[in-house]
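Q: following is a predicted model, sequence given first.
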Amino acid sequence: MGKSSIVGLDIGPREIRVVTSEINEPVILPLKKAVSKDCVIVDPHKAAEELKNLLKSQGIKSKDMGAVVWGRGVVLRLMKVPAVGTGEVNRIIKQEASKYMVFAGSDLLTDFCTVEEINENGIRQLKILSVAAKREIIDSYVETIKLAGLNLRCIEASSIAIARALFLKDASSLKGAVVLAAVEYDNATIFIFKDGKIHYLHKADTLDELQTEMESITAYCRNEFGEEFEVKEIVSSATGELTAAEGITLRESPNNKFPVKINLLPVEELKESKFNVQFSFFIKVLAIVAAGIVVYFSLLYFQMWNSRNIAKGVQKDLERPVKRLEELLRVEKMDSAYSLEKKKQEEIIKEVGKEDWVGIFAEIKRVIPKDTYLASLVSNKRGEIVFKGEAISGTGVFDLVRALKESTFFKNVELEESKDTETEDASTRAYFVIKCDIRDASVGK
């Protein structure tokens, strides 16, 4: 499977959004009944059924999915941690996340990416972007995707996926200061990027306060970096106009230069996902090898069959030498037939020569109207003559027919075909075919 063929999925409270390279634009399926609450899919069976129907209706064949989570059950933070191992960093993230949400014993799933390494007072630290989500949110997504018979490759925070989609729309975002707002269903996350790196982020709890927050953060950005830096604002213009699902599909694009790639999929599920991808790749390779073997033996069989036919042909030629002799004798018969045909042609020429063609050609020249041209003139020994040509208009054709009928040289004049044709210079000509008989004693009448 190509890297860009992953299907981006966003299951909202009242709709399912899907984006993939197999379709031209995002697909939104309204749900008759809410299947998620605070991003937890409360009815995985219904959501899976709706998802399967949606993919089937759109002709989407990809099985690899990437999903986004959002809402109060997801905490996104930019923080500093000691330069320790991954396990210890995730423990610190869980500890910090517990200050912002209380889940009464709920387990948390976390992941992070390192923005940069810093040195403060001789102490090496890491500046990271961290994400923590309720385990039951992730579990509900995993169950839904499995029920739909699909392979879940990654789960990412919706704001990060939206930011990626917005960020990659403008290549100049890689330089200077950029203030970017990722709008979700009822809130937004505001990012500040500096030369392609995340410098700051802030959560706008409601869309009403988004504009005020954007103005204050833009002012901060100008003061922080100086007037010589251009500050660009990139904001999705309306909720849902740019889907988070699009950001998921861009996540594995070869042109992805967005500095964040977080995956909240549990370790055990991630291993299973990788196994499914590898197994799928193995099946495809096996199918290609099998197809190659079939083609090879088909060609081999064809060569054997062809060789057998050639051998049979050679054997027949050796067993019947008389056949070759008959073919040589047939040449003499062909010469005799040719002589006979030539004699017939000479007789036809003599018959045709009886006509007064000097007078006939003079008469044809007289009756041809102006701007009417002959392309061919065919006669036979029965005295029939066929005119083919074209005129500027249909009037010229009918004038020629009338003149031939009035002529003393011709009789039984019939217009067999007449149609308008377009020439190379875009003008229209009238093409015609006229058939008539030559009178036995036409000259002088």
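A: Done, it's in. Computed from a predicted structure; not experimentally measured.
Q: residues of stretch 395-403 that come out buried?
A: 396, 397, 398, 399, 400, 401, 403 (16 or more other CB atoms under 10 Å). The way it works is simple: take the backbone N, C-alpha and C, and place the C-beta from them, glycine included.
Q: and if you look at stretch 7-19?
A: Across stretch 7-19, burial judged by 16+ other CB under 10 Å covers 7, 8, 9, 10, 11, 12, 15, 16, 17, 18, 19.
Q: can you tell me the helix or strand for the third one?
A: Just to be clear, that refers to residue 9. strand 7-11 (DSSP states H and E).
Q: for that strand, which strands pair with it and how are they oriented?
A: Strand 7-11 sits in its sheet next to strand 15-19 (antiparallel), strand 64-69 (parallel), going by DSSP bridges.
Q: residues making contact with the last one?
A: Put plainly, it is strand 64-69. 1, 5-11, 39, 133, 137-138, 141, 145, 150-158, 161, 244-245, 247-249, 251-252, 264, 277 (CB atoms under 8 Å, 6 or more residues apart in numbering).
Q: just the ones of the residues you listed in strands?
A: 7-11, 133, 151-157 (DSSP state E).
Q: format the residues you listed as TSV; extra columns: pLDDT and distance to residue 178.
A: Shown next, in TSV, are these (pLDDT from 0 to 100; distance: CB to CB, whole Å):
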residue	pLDDT	distance to residue 178
7	88	28
8	89	23
9	88	27
10	87	24
11	82	29
133	88	26
151	90	34
152	90	31
153	90	28
154	91	25
155	92	26
156	92	20
157	90	19
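Q: helices along the stretch 151-300 of the chain, start to end?
A: 158-167, 210-225, 244-251, 267-319 (DSSP state H, counting those that start in this stretch).
Q: can I get these in CSV with mean pLDDT, mean neighbour count and distance to residue 366?
A: Output for the helices of the stretch 151-300 of the chain, formatted as CSV (pLDDT from 0 to 100; neighbours: other CB atoms under 10 Å; distance: least, CB to CB, whole Å):
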stretch, mean pLDDT, mean neighbour count, distance to residue 366
helix 158-167, 86, 26, 81
helix 210-225, 82, 15, 91
helix 244-251, 86, 27, 79
helix 267-319, 71, 11, 64
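Q: of all the ones you listed, which lies closest to residue 29?
A: helix 244-251 (11.7 Å; CB to CB).
Q: output the contacting helices and strands for that closest one.
A: Packed against helix 244-251 by the contact rule (3 or more CB pairs under 8 Å, 6 or more residues apart in numbering; DSSP states H and E) you find strand 7-11, strand 15-19, strand 64-69, strand 151-157, helix 158-167.
Q: closest one to residue 426 among these?
A: Closest to residue 426 of the helices and strands packed on helix 244-251, according to CB to CB: strand 15-19, at 47.0 Å.
Q: partners of the helix or strand following that closest one in the sheet?
A: Downstream of strand 15-19, the next assigned helix or strand under DSSP H and E is strand 27-30. Using DSSP bridges, strand 27-30 pairs in its sheet with strand 15-19 (antiparallel).
Q: quick revisit: want to throw the buried residues of stretch 7-19 into JSON lines with distance to residue 79?
A: Shown next, in JSON lines, are the buried residues of stretch 7-19 (distance: CB to CB, whole Å):
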{"residue": "7", "distance to residue 79": "32"}
{"residue": "8", "distance to residue 79": "27"}
{"residue": "9", "distance to residue 79": "28"}
{"residue": "10", "distance to residue 79": "26"}
{"residue": "11", "distance to residue 79": "29"}
{"residue": "12", "distance to residue 79": "28"}
{"residue": "15", "distance to residue 79": "33"}
{"residue": "16", "distance to residue 79": "33"}
{"residue": "17", "distance to residue 79": "30"}
{"residue": "18", "distance to residue 79": "33"}
{"residue": "19", "distance to residue 79": "30"}
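Q: ok, the residues you listed vs residue 217, which is closest?
A: Nearest to residue 217 among these, with distances taken as CB to CB, is residue 10, at 25.6 Å.
Q: after the lowest-mean-pLDDT helix or strand in the chain, which helix or strand is next? Please name it.
A: Least confident helix or strand of the chain, by mean pLDDT, DSSP states H and E, is helix 321-353 with a mean of 62. Counting by DSSP H and E, the next helix or strand C-terminal to helix 321-353 is helix 357-367.
Q: what's the average pLDDT for that next one?
A: Mean pLDDT, helix 357-367: 86.
Q: which strands and helices lie in contact with that helix?
A: Using 3+ CB pairs under 8 Å, 6+ apart, helix 357-367 is in contact with helix 394-406.
Q: so this protein: which segments form each domain?
A: 3-265, 357-438 (automatic domain parsing).
Q: okay, those domains, which one's buried deepest?
A: Stretch with highest mean neighbour count among those: domain 3-265 (a mean of 18; mean count of other CB atoms under 10 Å).
Q: re the thing from before, for residue 114, which of the strands paired with strand 7-11 is the nearest?
A: Among the strands paired with strand 7-11, strand 64-69 comes nearest to residue 114, with 21.6 Å by CB to CB.
Q: now the angle from that closest one to strand 151-157?
A: Strand 64-69 and strand 151-157 are oriented at 20 degrees to each other (axes from the mean of the first three to the mean of the last three CA atoms, to 10 degrees).
Q: next helix or strand past strand 64-69?
A: Counting by DSSP H and E, the next helix or strand C-terminal to strand 64-69 is strand 74-82.
Q: paired strands for that following strand, with orientation please.
A: If you go by DSSP bridges, strand 74-82 pairs up with strand 123-134 (antiparallel).
Q: which outside residues touch the strand holding residue 9?
A: By CB under 8 Å, 6+ apart, the residues outside strand 7-11 that reach it are 16-20, 35-36, 41, 47, 51, 55, 60, 62, 64-68, 141, 144-145, 150, 158, 161, 243-249.
Q: make CSV from the helices and strands packed on helix 244-251 and add distance to residue 367 to it.
A: Converted to CSV, the helices and strands packed on helix 244-251 look like this (distance: least, CB to CB, whole Å):
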stretch, distance to residue 367
strand 7-11, 76
strand 15-19, 74
strand 64-69, 79
strand 151-157, 83
helix 158-167, 78
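Q: residues in contact with the closest residue to residue 384 other than its chain neighbours?
A: Distances taken as CB to CB, 6 or more residues apart in numbering put residue 437 closest to residue 384, at 5.8 Å, once the chain neighbours are dropped. Residues near residue 437 by CB under 8 Å, 6+ apart: 383, 384, 385, 410, 411, 412.
Q: one more: residue 234?
A: If you count contacts by CB under 8 Å, 6+ apart, then residue 234 has 166, 167, 169, 170, 173, 178, 179, 180, 181 around it.
Q: 10 Å instead, please
A: Contact analysis of residue 234 by CB atoms under 10 Å, 6 or more residues apart in numbering lists 163, 166-167, 169-170, 173, 178-182, 191, 193.
Q: and for residue 411?
A: 383, 404, 405, 436, 437, 438, 439, 440, 442.
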